[in-house]
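Trainee: what follows is a predicted protein model with its sequence.
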Amino acid sequence: MTLAFLNISWQTLADALSLGGIYALMAVGIGLVFGVLRLVNFAYGQLVMAGAYAIAYASVWGWPTWAGIVLCFAVVVALSAAMDRLVFRPLRTQSPAVMLVATFAIAFLMQSIAILSFGQLGTIASSMGSLNQPWDIGGVAFRKIAIVSVVVAVVCLVLLQLLLTRTSVGLHMRAAAMDFATARMLGVRADRVIGVAVLVSALLAAVSALMLTARNPQVTPIFGLDDTIIVLAGVVLGGLTRPIPATLGGFTIGFASGILGGALPTNQSQYLPTFLFAAVILVLLVRPNGLFTRGVGSVERL
Amino acid sequence: MKKVQELIAPVALVLATALVALAVSSALQTYFLDTLLKVSIVVALYVFIGNSGVLSFGHISFVALGAWTAGVLTVPASQRAAIMPGLAGFLSHATVGNVVSLLLAALAGLVFAFVAGLPLMRLSGLAAGIATFGVLEIVNNVLRYYDTIGPGLNAFSSVPETTGIWQAAVGALICVVVAFAYQRSRFGRQLRATREDPAAASAAGISIYRQRLVAFAVSGALAGLAGGLYVHMLPIEIDSLYLDLTFITLAMLVVGGSVSLLGAVVGALAVGGLDSFLSAAENGVDLLGWHLDLPTGTAVLAVGALMALVLIARPSGLTGGRELSLGRLKR
């Protein structure tokens, strides 16, 4: 059963939706921290990698699945808090370029620690394997994870939206993202807002790690690296400063790469990054502030 | 012409490195070679990033193109079909000498950077960062799989290994001198003015777009040259011209101090030196009567940690972004 045009099967579509959902979560995780800190966290992928290793080792040690999930959340949140305290805080006043290169350094550091302690070959996270089984819906076999990750992504995004619009700390975060200095003068506590943004972003990284290990149980030191690069492009594509454009950008690029990966013939799908990044560059040339931003927003002068 | 003094320190550092390299054993010499090559790449990066203040993740793609140009054209024609069976057209037989191949590598970098810069230089800030990253991804992806123009995933074996200490040092010196000449020219000054205050610079009649494009093309040429030198040094493959090299060269620039030529050279030599020393120590070295033998992987770890540390403690870099001149020394 296929969509006749473009040769896209329902499985490809479901897979693309699920990849879009996961990328949307990572995008909003990167976007939240950018909102309050004006910092693009290149090391976000290494947080996902660390979470994935936590699940993998929990299943190697024979822990029950729920314990592996708890360990994953604990590891990612702890690392994220350490990163904020040791790196982001001292660099808060620096230019975005210095901060970006610093997170590059952290990414490199975490990756080499992973290579040193876990080896290049990788570990299998088998506990999430059951989600990789097919699920029969209306005569079409979907991978369970495709459905689960779409549902999880929607639930997370709705919760996040509630947090941002219905709670006072969410209001503070949005105010800080608009204009940090003025927000502080009006009584928003900087450390609290940044702390919450870093925490929520870490939780999203942990969820993404769970979903990604279910899709691909082979956890290596470069786990999540390619995904992060694509998500970063997606976030900038959508518009970095607000959560919703960032989410849409992440979803769009995940969905597009899922569809292209499925629809292109094999001898062309190896050029997927070329198509993807050519599209990103074209969009940026037309709309440098992002695809889903309304009005002028924060115009880069000149 | 007093300012020509500022050229003395970077040139002296490169020459000193080359002279020390001649004195050490041939096993250690490879580390010096590699560091001299990094100097070329970092100086190429500096010409654009340092003078314009705009971050580029794309320069390693110019290095890769330079390497591909020089590499494909210097593998002996008789061996080319065996190593790169996919080559088409004149690439399958045309052969050039060492110097010509390096010039062509620089030309390839220049032309590609200019063409890529035509649209990209309209962007700034994060959009520019991501777009140049896109260029890196695209070039890497195409060179990796399109074996009509090169070895694809295979290593560049059988390229004449002409990059010894002298060639590496002369290459680095050319990069340093070109970078210095550029930054003292009216183009360089205008671009630096746009970096300090874009609004004032463009009010004074400077075209930010045009000045950035010039710098992008010049630094593309230097990066291409560095790529040519690289492929003549060892049989490289596409994976060694990707994220790791992008990261380490950018970090070298930032650690040294990204807004001065001296900073670029100091950063490359300091980080390259530390990396080389620790890598050598992983195989065991004798130092002042001590025998040092570090576990494998220490070098990567230490370099990464050092970079993070320098960035946090001294974000303007080791040189603080200043040049060194005799006037400053006397004061």
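Mentor: Nice, thanks for sending it over. Numbering: from 1, shown residues only, chains lettered A, B, ... in the order given.
Trainee: return the residues of the stretch 51-200 of chain B in contact with chain A.
Mentor: B:53, B:55, B:119-120, B:122-127, B:129-131, B:133-135, B:137-138, B:140-142, B:145, B:198-199 (CB under 8 Å from any CB of the partner chain). Bear in mind the C-beta positions are built from the backbone N, C-alpha and C, glycine included.
Trainee: report the buried residues of the helix or strand containing A:Ala197.
Mentor: With secondary structure defined by DSSP states H and E, A:Ala197 is part of helix A:190-215. If you call a residue buried by 16 or more other CB atoms under 10 Å in any protein chain shown, then helix A:190-215 has these buried ones: A:190, A:193-198, A:200-215.
Trainee: A:Ser257 reaches A:Ile230, doesn't it?
Mentor: Yes: counting by CB atoms under 8 Å, A:Ser257 touches A:Ile230, with 6.3 Å between them.
Trainee: what about the two, which has more around it?
Mentor: A:Ile230 (26 against 22; other CB atoms under 10 Å in any protein chain shown).
Trainee: state the phi and psi torsions of that one.
Mentor: Taking degrees, to the nearest 10, you get phi -70, psi -40 for the backbone angles of A:Ile230.
Trainee: for it, give me the pLDDT.
Mentor: At A:Ile230, the model reports a pLDDT of 91.
Trainee: same check, this time on A:Ile124
Mentor: For A:Ile124, pLDDT reads 88.
Trainee: ok, B:Gly289 next?
Mentor: Residue-level pLDDT assigned to B:Gly289 equals 63.
Trainee: how about the residues of the stretch 201-331 of chain B that lie near chain A?
Mentor: B:202, B:208, B:243-244, B:247, B:250-251, B:254, B:297, B:300-301, B:304-305, B:307-308, B:311-312, B:315.
Trainee: now these: which count as buried?
Mentor: B:202, B:208, B:243, B:247, B:250-251, B:254, B:300-301, B:304-305, B:307-308, B:311-312, B:315.
Trainee: name the SS class of A:Leu232, please.
Mentor: Using DSSP: H, G, I helix; E, B strand; the rest coil, the structure places A:Leu232 in helix.
Trainee: thinking again about what came up before, okay, and which of the residues of the stretch 201-331 of chain B next to chain A map to strands?
Mentor: When these are checked against strands (DSSP state E), there are no matches.
Trainee: returning to what we had before: what mean pLDDT does the helix holding A:Ala197 have?
Mentor: 93.
Trainee: how close does the single nearest residue of the stretch 51-200 of chain B relative to chain A sit to A:Val280?
Mentor: Minimum separation of the stretch 51-200 of chain B from chain A (CB to the nearest CB) falls at B:Gly134, amounting to 3.7 Å. Using CB to CB, to the nearest Å, B:Gly134 is found at 5 Å from A:Val280.
Trainee: where do the contact lists of those two overlap?
Mentor: A:Ala233 (CB atoms under 8 Å, 6 or more residues apart in numbering or on different chains).
Trainee: which pLDDT does the model give the residue of the stretch 51-200 of chain B closest to chain A?
Mentor: Reported pLDDT for B:Gly134: 93.
Trainee: okay, now the residue nearest to B:Gly134 when sequence neighbours are not counted: neighbour count?
Mentor: Of all residues not flanking B:Gly134 in the chain, A:Phe277 sits nearest, at 3.7 Å (CB to CB, 6 or more residues apart in numbering or on different chains). Look at A:Phe277: counted by other CB under 10 Å, it has 24 neighbours.
Trainee: pull the residues that contact stretch A:255-274.
Mentor: A:6-9, A:11-13, A:15-20, A:230, A:275-276, A:279, B:137-138, B:140-142, B:145.
Trainee: ranges for the strands of chain A?
Mentor: A:2-3, A:8-9, A:123-124, A:134-137, A:140-143, A:218-219.
Trainee: report all helices and strands that the third one contacts.
Mentor: This means strand A:123-124. Applying 3 or more CB pairs under 8 Å, 6 or more residues apart in numbering or on different chains; DSSP states H and E, we find strand A:123-124 packed against helix A:44-60, strand A:218-219.
Trainee: ranking those by burial, who's on top?
Mentor: helix A:44-60 (a mean of 26; mean count of other CB atoms under 10 Å in any protein chain shown).
Trainee: close to chain B, is that helix?
Mentor: No: using CB under 8 Å from any CB, we find that helix A:44-60 stays clear of chain B, coming within 11.3 Å at best.
Trainee: and that helix, how far from the chain's centre?
Mentor: 14 Å (CA atoms, centre = their mean, to the nearest Å).
Trainee: which helices and strands does it pack with?
Mentor: helix A:10-37, helix A:65-83, helix A:96-118, strand A:123-124, helix A:190-215, strand A:218-219, helix A:225-238.
Trainee: get me the contact residues on the stretch 1-150 of chain A for chain B.
Mentor: So the stretch 1-150 of chain A meets chain B at A:40, A:86-87, A:90-91, A:94, A:96-98, A:100-102, A:104-109, A:112-113, A:115-116 (CB under 8 Å from any CB).
Trainee: gap between A:Val231 and A:Gly45?
Mentor: Counting by CB to CB, the gap from A:Val231 to A:Gly45 is 8 Å.
Trainee: return the set of buried residues in the helix or strand hosting B:Ser279.
Mentor: Assigned by DSSP H and E, B:Ser279 belongs to helix B:261-282. Within helix B:261-282, the residues that qualify as buried are B:261-272, B:274-282, counting by 16+ other CB under 10 Å.
Trainee: output the below-cut-off pLDDT ranges for chain A.
Mentor: Applying pLDDT under 70 to chain A flags the ranges A:1-7, A:294-302.
Trainee: my guess is B:Ala155 is in a helix, correct?
Mentor: No: looking at B:Ala155 with three-state DSSP, it is coil, so not inside a helix.
Trainee: residues near it, how many?
Mentor: Counted with other CB under 10 Å, B:Ala155 comes out at 16.
Trainee: residues touching it, list them.
Mentor: B:235-237.
Trainee: tell me the confidence at it?
Mentor: Taking B:Ala155 on its own, its pLDDT is 88.
Trainee: in stretch B:88-95, what's buried?
Mentor: Neighbour-count burial for stretch B:88-95, counted by 16+ other CB under 10 Å, picks out B:Leu91.
Trainee: and it, how far out from the chain middle?
Mentor: 28 Å.
Trainee: just want the angle from the helix holding A:Ala197 to helix A:10-37.
Mentor: 160 degrees (axes from the mean of the first three to the mean of the last three CA atoms, to 10 degrees).
Trainee: so B:Ser56, which of the three states?
Mentor: Assignment for B:Ser56 (three-state DSSP): coil.
Trainee: if we can go back for a sec, identify the contacts common to A:Ser257 and A:Ile230.
Mentor: Counting by CB under 8 Å, 6+ apart, the contacts common to A:Ser257 and A:Ile230 are A:Leu276.
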